[in-house]
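K.L.:
Fold the following.
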Amino acid sequence: DEPTRPVSVYGASKAAGELFLGVWRAAHGITSTALRYGNVYGPRQDPHGEAGVVAIFAGRLLGGEPCTVNGEGTQTRDYVFVDDVARANLRAAEKRHDGALNVGTGVETDVNRIYRVLADAAGVPGEALHGPAKAGEQRRSCIDPAAAGRVLGWRAEVSLEEGLRRTLEWFRARR
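P.N.:
The predicted structure follows:
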């Protein structure tokens, strides 16, 4: 229920989609549910191009390549496992809710922790390399999934450690 104030092109594109849904609601009476995802990760994520840090690190760790963290690695995100997101989508398809719902864990996790859990699971000792911080990168991101719990009866069930382990195993099986 916080005001929507995107600070990136990506965020603005998501907000625009929700505005369009509101226009269709007003013009045609069509209801819709917009699911606002945290940082989704898991098996089948492409480690190339615009991939997320989990897929990039998993691919590099298993390939024996160094991982580079942008800046100090203290930037946080709400990492949510893909299976939990799929369940949220199924529940939303079954309900007649009109509006936006956050799909995440409600837990902030920094990039250094993501690296450490993946490196430990991969059996890679040592720390990641640190490069320059990305200009304009959001420092913190965590979403409140309480409304998804009330409306959909949904909550994230896969722990970060379990989700990262399952993701790494998927990448390992494809090598």
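K.L.:
Do you know the pLDDT at the spatially most central residue of the chain?
P.N.:
Centrality entry for the chain: nearest residue to the mean C-alpha point is Asn39, 1.0 Å, by CA atoms, centre = their mean. As predicted, Asn39 sits at a pLDDT of 95.
K.L.:
so who does it touch?
P.N.:
By CB atoms under 8 Å, 6 or more residues apart in numbering, the contact set of Asn39 is 52, 77-80, 141. No exception for glycine: its C-beta is placed from N, CA and C like everyone else's.
K.L.:
And the strands in the chain, which stretches?
P.N.:
Ranges of strands within the chain are 33-37, 39-41, 68-70, 76-77, 79-81, 99-103, 109-110, 129-131, based on DSSP state E.
K.L.:
can you redo those as a markdown table with distance to Glu169?
P.N.:
A markdown table is the format used below for the strands of the chain (distance: least, CB to CB, whole Å):
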| stretch | distance to Glu169 |
| --- | --- |
| strand 33-37 | 23 |
| strand 39-41 | 13 |
| strand 68-70 | 23 |
| strand 76-77 | 22 |
| strand 79-81 | 13 |
| strand 99-103 | 24 |
| strand 109-110 | 20 |
| strand 129-131 | 25 |
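K.L.:
which of those sits most buried?
P.N.:
strand 79-81 (a mean of 26; mean count of other CB atoms under 10 Å).
K.L.:
State the mean pLDDT of that strand.
P.N.:
98.
K.L.:
which residues are contacting that strand?
P.N.:
Contacts of strand 79-81 (CB under 8 Å, 6+ apart): 37-42, 54, 103-105, 107, 109, 114, 156, 158, 160, 162-163, 166-167.
K.L.:
Buried ones only from these, please, as a PyMOL command.
P.N.:
PyMOL command restricting these to the buried ones, with burial defined by 16 or more other CB atoms under 10 Å:
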select buried, resi 37+38+39+40+41+42+54+103+104+105+107+109+114+156+158+160+163+166+167
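K.L.:
Out of the contacts of strand 79-81, which sit inside helices?
P.N.:
54, 114, 160, 162-163, 166-167 (DSSP state H).
K.L.:
which among these gets closest to Lys14?
P.N.:
Checking these against Lys14 with CB to CB, the nearest one is Val54 at 20.5 Å.
K.L.:
Apart from its chain neighbours, what residue comes closest to the closest one?
P.N.:
Tyr41 (3.9 Å; CB to CB, 6 or more residues apart in numbering).
K.L.:
Could you report the distance from that neighbour to Glu162?
P.N.:
Relative to Glu162, Tyr41 is positioned 12 Å away (CB to CB, to the nearest Å).
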